[in-house]
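Colleague: Got a predicted structure plus its sequence, pasted below:
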Amino acid sequence: MSPRLRFTLLIGFLALAAASSAAQPPVRQVLVLQSFNRGNLILDRFTGNFRVDLDQRVGGPVNYVQVNVGPIGFVGPPDQAVVDFIRSTYADGARPELIVALAGPATVFARKYRQQLFPDTPLLFGAVDQRYLGDAPLGENETAVASFNDFPAIVDDILQVRPKTRQVFVVVGSGNIGKFWRYRLEELFGRFRGRLTFIWSDDLSLPEIVQRCSALPADSAIFFITLGTDASGAAYSDERVLGDLHAAANAPLFSAHSVYLGSGIVGGRLMDIDELSRRTSDVAFEILDGASPGSIRVPTQLRGRAVFDWRELKHWGIPESRLPAGSVVLYRAPNLWSEYRSIVLVAAGALAIQALLIIGLLFERRARRKAERDSLRSLALAADTSRRATMSALTSSIAHELCQPLSAMMHNSEALQLLLNNQRATPENIREILSDIHSEGILASEIIERHRTMLRSRQLQKKQVDAQAVVNDSLALVAHGMMARQIAVTVNLSAKPSPISGDPVLLQQVFVNLIMNAMDAMAEMPRDRRHIMISSEVRRGDLEVSVRDTGPGLPPDILGTLFTPFVTSKPHGLGIGLAIARTIVEAHEGSISAQNHPDGGAIFTVILRLAEAHGILPTSPVIKSVVGESLGV
């Protein structure tokens, strides 16, 4: 290979390496100040979740430098040596982009040595109890995702599930953190004075703690806070301590954090460590993304929902009825239902379907015929009852209209009788009186025929009619009833010609039904608020007729099914009048709708197609009764 070729290849490889390096995202630098070595279940769980969540949010490589700075729990170097070690880690000029201090001891350390530990780098306090932050305000380059461990509330949970508890053995370490919590908890537990006795473990070694927990009185409970180091100076992991306590204790074990559930504690309203780590990683990502820590203020996290271990409830005889409302019970023992629920459901469903099919094949024909007979009988009775109700409602109208021609006939006959008795009757007078009697008789006959025609069953007979006249005739049928109920009516009909192709009698039935419904809707309204407005308007070859009342309006729950048979808003209604009206309108190639008016009351709108401008459409008899068709008979 020639020197020139080797030189060219070398230049190519260097260019590819440079391009590849430029394509890689920068490595983010995060300094984690940890309070404990591994063994603290809370921080182990929190730290693992925090790093995974932050890696996913950043979407690129993150370099974590984790240093244990807490003087509690495990032997470590003096604080200044730790500070020097951290600074030497970044001696090459690099700086962390974010400092995360986890738990109380690391929080105290970070605040104490803030000026020596990159004061210009954002500082995030995480997994720390609010009481560790104290009253000192956070700096502009600092923020916190704090929690508030409500330990007295856990004691309340103990008393709820074990109301006979009189003694609580508090497991707390002998180091600084143990002293910190005992000092504060003795004050917080003061409200239980006289009801509970608290025993503290800070002056005992772990073997002595286990021995004491194995010989507690029957009315006792164990509250695990933390241990770290015991009175002998020995350091223990939470897993070891909880395992020893659970194996030997003769009283139920409680704690305040979710990570201990499944390790022997009964449960309660626990602090959700997973949620706390997620919120902390969210804030860390915002800072790495350029947000100012001073602009991020996160509410303190409180304890979560009540969660209990089913195994511990059974072991200590705690009934689930004592648990707080909405509690979640985990670790239930497997059984046939929980293990093979899907198989059981499928098998039961198959058997049920098979049984139903067999029963259906045996009784289908008989049940179908019986149902058809019952349905036809019920619908026929309903239709007949509706007709009788309408006849009853129009009785006063019939009597009122007939009263005028009959009275006139009676007065004319009396006048003729007087003339004859006084021998003053002339042929002209007799012919005039007899003509009046004949005219009034024809009027009475027309009134009777009009009501009889409207009320009897009939087939659809289409012909060209004036829609305005149909509306006026409908008003005449109910006019007396409106006067009797003291209902005002406003009629505003279009002045344009309104010829339609339809059956005037059946259309009268529609408008009479709508007007009577409006009258019924205002039965409970004050007299001055009883008003019916009837209007019509010609629009693009259609006639729109609306009937509006000033009643309370239609119930929202039946608006969508108002025209369905047997759906009604009246206490004693049958629910078939509007169904019949819809069928009549649809038979006339129209539509009917109902809605509540914005100013109050209900408004029913009927839209009918106008007839051809010239000529009369042919009659279109329909074999099946319109009323029967609307009910499915």
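Modeller: Now that the structure is in, tell me what you want to look at. Numbering: from 1, shown residues only.
Colleague: Hmm, residue 279 is touching residue 298, no?
Modeller: Yes. Assessed by CB atoms under 8 Å, residue 279 is found in contact with residue 298 at 6.4 Å. Every residue, glycine included, has its C-beta placed from N, CA and C.
Colleague: residues shared between the contacts of these two?
Modeller: Shared contacts of residue 279 and residue 298, defined by CB atoms under 8 Å, 6 or more residues apart in numbering, comprise residue 145.
Colleague: who has more neighbours, these two?
Modeller: Taking other CB atoms under 10 Å, residue 279 and residue 298 do not tie; residue 279 has more neighbours (19 against 13).
Colleague: Could you find the closest non-adjacent residue to that one?
Modeller: Excluding its sequence neighbours, the residue lying closest to residue 279 (CB to CB, 6 or more residues apart in numbering) is residue 145, at 5.2 Å.
Colleague: My guess is the one you found contacts residue 130. True?
Modeller: No. Look at residue 145 against residue 130 with CB under 8 Å: they stay out of range, at 10.6 Å.
Colleague: These two: which has the busier surroundings?
Modeller: Remark: of residue 145 and residue 130, residue 145 carries more neighbours, 24 against 13, as counted by other CB under 10 Å.
Colleague: Which secondary structure elements does the helix or strand containing that one sit against?
Modeller: Using DSSP states H and E, residue 145 falls within strand 142-147. Applying 3 or more CB pairs under 8 Å, 6 or more residues apart in numbering; DSSP states H and E, one finds that strand 142-147 contacts strand 123-129, helix 130-133, helix 273-288.
Colleague: hmm, 6 Å instead?
Modeller: Counting by 3 or more CB pairs under 6 Å, 6 or more residues apart in numbering; DSSP states H and E, the packing neighbours recorded for strand 142-147 are strand 123-129, helix 273-288.
Colleague: tell me the most buried of those?
Modeller: Ranked by average neighbour count under the criterion mean count of other CB atoms under 10 Å, the helices and strands packed on strand 142-147 are headed by strand 123-129 at a mean of 24.
Colleague: so what does it touch, helix or strand wise?
Modeller: strand 98-102, helix 103-112, strand 142-147.
Colleague: Neighbours of residue 29, how many?
Modeller: Neighbour tally, residue 29, other CB under 10 Å: 17.
Colleague: And the helices in the stretch 201-350 of the chain?
Modeller: Ranges of helices within the stretch 201-350 of the chain are 206-213, 238-248, 273-288, 310-315, 336-339, 341-421, based on DSSP state H, counting those that start in this stretch.
Colleague: quick one: average pLDDT of the fourth one?
Modeller: Per-residue pLDDT values across helix 310-315 average out to 94.
Colleague: still on that earlier bit, pick the most deeply packed of the helices and strands packed on strand 123-129.
Modeller: For these, the largest average neighbour count (mean count of other CB under 10 Å) is found in strand 98-102, namely a mean of 27.
Colleague: Now do that strand against helix 103-112, angle only.
Modeller: 140 degrees (axes from the mean of the first three to the mean of the last three CA atoms, to 10 degrees).
Colleague: So what touches strand 98-102?
Modeller: Strand 98-102 is contacted by residues 30-35, 43, 107, 110, 121-127, 287-288 when judged by CB atoms under 6 Å, 6 or more residues apart in numbering.
Colleague: try stretch 183-199
Modeller: With CB under 6 Å, 6+ apart, stretch 183-199 has contacts from 151-152, 167-170.
Colleague: let's see 8 Å
Modeller: Here stretch 183-199 makes contact (CB under 8 Å, 6+ apart) with 131, 151-152, 155, 159, 165-170, 172, 212, 225.
Colleague: before we move on, what about stretch 289-305?
Modeller: Stretch 289-305 is contacted by residues 122-124, 130, 138-150, 153, 256, 258, 269-272, 275-276, 279, 283, 286-287, 326-328 when judged by CB under 8 Å, 6+ apart.
Colleague: mind checking how far the residue nearest to residue 494 when sequence neighbours are not counted is from residue 489?
Modeller: Excluding the flanking residues, the one nearest residue 494 by CB to CB, 6+ apart is residue 536, at 4.8 Å. In this view, residue 536 and residue 489 are 14 Å apart by CB to CB, to the nearest Å.
Colleague: So for the two, which sits in the more crowded spot?
Modeller: For residue 536 versus residue 489, neighbours defined as other CB under 10 Å are more numerous around residue 536 (20 against 17).
Colleague: and residue 237, what is it in contact with?
Modeller: 38-41.
Colleague: Which one of the residues you listed sits in the busiest neighbourhood?
Modeller: residue 40 (26 neighbours).
Colleague: follow-up on the earlier one: quickly list what the residue nearest to residue 494 is bridged to.
Modeller: Residue 536 has the following beta-bridge partners by DSSP bridges: residue 545.
Colleague: hang on, isn't it packed against residue 469?
Modeller: No. Counting by CB under 8 Å, residue 536 does not reach residue 469; the two are 11.6 Å apart.
Colleague: Could you list the buried residues of stretch 79-96?
Modeller: 82-83, 86, 90, 96 (16 or more other CB atoms under 10 Å).
Colleague: Revised request: answer the last question for stretch 313-323.
Modeller: By neighbour count with 16+ other CB under 10 Å, stretch 313-323 contains the buried residues 313, 318, 323.
Colleague: Contacts made by it with the rest, please.
Modeller: Counting by CB under 8 Å, 6+ apart, 160-163, 252, 266, 306, 308, 312, 327, 329, 333 sit against stretch 313-323.
Colleague: now do stretch 542-553
Modeller: Contacts of stretch 542-553 (CB under 8 Å, 6+ apart): 467, 471, 494, 498, 500, 511, 514-515, 518-519, 521-522, 524-525, 529-538, 596-597, 600-610.
Colleague: Let's see which of those residues end up in helices.
Modeller: Judged by DSSP state H, helices contain the following of the contacts of stretch 542-553: 467, 471, 511, 514-515, 518-519, 521.
Colleague: number of nearby residues for residue 519?
Modeller: Neighbour number of residue 519 under other CB under 10 Å is 21.
Colleague: confidence score at it?
Modeller: For residue 519, the predicted pLDDT is 88.
Colleague: Return the residues in contact with it.
Modeller: Counted by CB under 8 Å, 6+ apart, residue 519 has contacts 478, 481-482, 485, 487, 532, 549.
Colleague: so residue 180 makes contact with residue 104?
Modeller: Yes. Judged on CB under 8 Å, residue 180 makes contact with residue 104 at a distance of 7.1 Å.
Colleague: So this structure: which segments form each domain?
Modeller: 23-149+271-302, 151-270+303-333, 458-630 (automatic domain parsing).
Colleague: between these, which one is nearest to residue 370?
Modeller: domain 458-630 (19.7 Å; CB to CB).
Colleague: and the closest residue to residue 286 other than its chain neighbours, how many neighbours does it have?
Modeller: Spatial nearest neighbour of residue 286, chain neighbours left out: residue 296 (6.0 Å); criterion: CB to CB, 6+ apart. Here the number of neighbours of residue 296 (other CB under 10 Å) works out to 18.
Colleague: Give me the nearest residue to residue 515, chain neighbours excluded.
Modeller: residue 478 (5.3 Å).
Colleague: scratch that, residue 469 is what I was asking about
Modeller: Closest to residue 469 by CB to CB, 6+ apart is residue 504, at 7.7 Å.
Colleague: in the stretch 351-500 of the chain, which ranges drop under the pLDDT threshold?
Modeller: 372, 374-404, 408, 443, 446-447, 449-460 (pLDDT under 70).
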